[in-house]
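Visitor: sequence and predicted model, in that order:
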Amino acid sequence: MDEQVLVRIATNYAKQHGYDTDDYSVTSVLIKNGVCWILFQGKSGLPGDHFTVTVDISTGLASELFPGE
């Protein structure tokens, strides 16, 4: 699955969970064991202003969102 597609899936999932993704930048896309981890960093630069979304490569479905702390 193309990296741009994975980022789009993760971005849509984040929006569904209340994140204004215009306030974030994708900083990393990691693929391991059939799961893609997309890391978003907030443009505010404040501690904890980040989150990660996981996407299952085989199904193309986002499954979890881990907020920053």
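Guide: Thanks, I have it.

Visitor: when you work out contacts or count neighbours from here on, use the C-alpha atoms and nothing else.
Guide: Fine.

Visitor: make sure residue 58 is actually in contact with residue 36.
Guide: No. Contact between residue 58 and residue 36 fails when scored by C-alpha atoms under 8 Å: they sit 10.2 Å apart.

Visitor: more neighbours: which of those two?
Guide: residue 36 (22 against 9; other C-alpha atoms under 10 Å).

Visitor: name the helices or strands packed onto whichever strand or helix holds that one?
Guide: Using DSSP states H and E, residue 36 maps to strand 35-42. When contacts are defined as 3 or more C-alpha pairs under 8 Å, 6 or more residues apart in numbering; DSSP states H and E, strand 35-42 packs onto helix 3-16, strand 24-32, strand 50-56.

Visitor: out of these, flag the one nearest residue 43.
Guide: Closest approach to residue 43 among the helices and strands packed on strand 35-42 is made by strand 24-32 (5.5 Å; C-alpha to C-alpha).

Visitor: contacting residues for residue 60?
Guide: 1, 6, 9 (C-alpha atoms under 8 Å, 6 or more residues apart in numbering).

Visitor: what's the burial count for the closest residue to the first one other than its chain neighbours?
Guide: By that I understand residue 1. The spatial neighbour of residue 1 that comes closest, neighbours along the chain excluded (C-alpha to C-alpha, 6 or more residues apart in numbering), is residue 57 at 6.7 Å. Residues lying near residue 57 (other C-alpha under 10 Å) number 17.

Visitor: so who does residue 57 touch?
Guide: Residue 57 makes contact with 1, 34, 35, 36 under the criterion C-alpha under 8 Å, 6+ apart.

Visitor: tell me the secondary structure of the residue of the chain most remote from its centre, please.
Guide: In the chain, the greatest distance from the average C-alpha position (C-alpha atoms, centre = their mean) is reached by residue 46, at 18.0 Å. Three-state call for residue 46 (DSSP: H, G, I helix; E, B strand; the rest coil): coil.

Visitor: alright, I will stop here.
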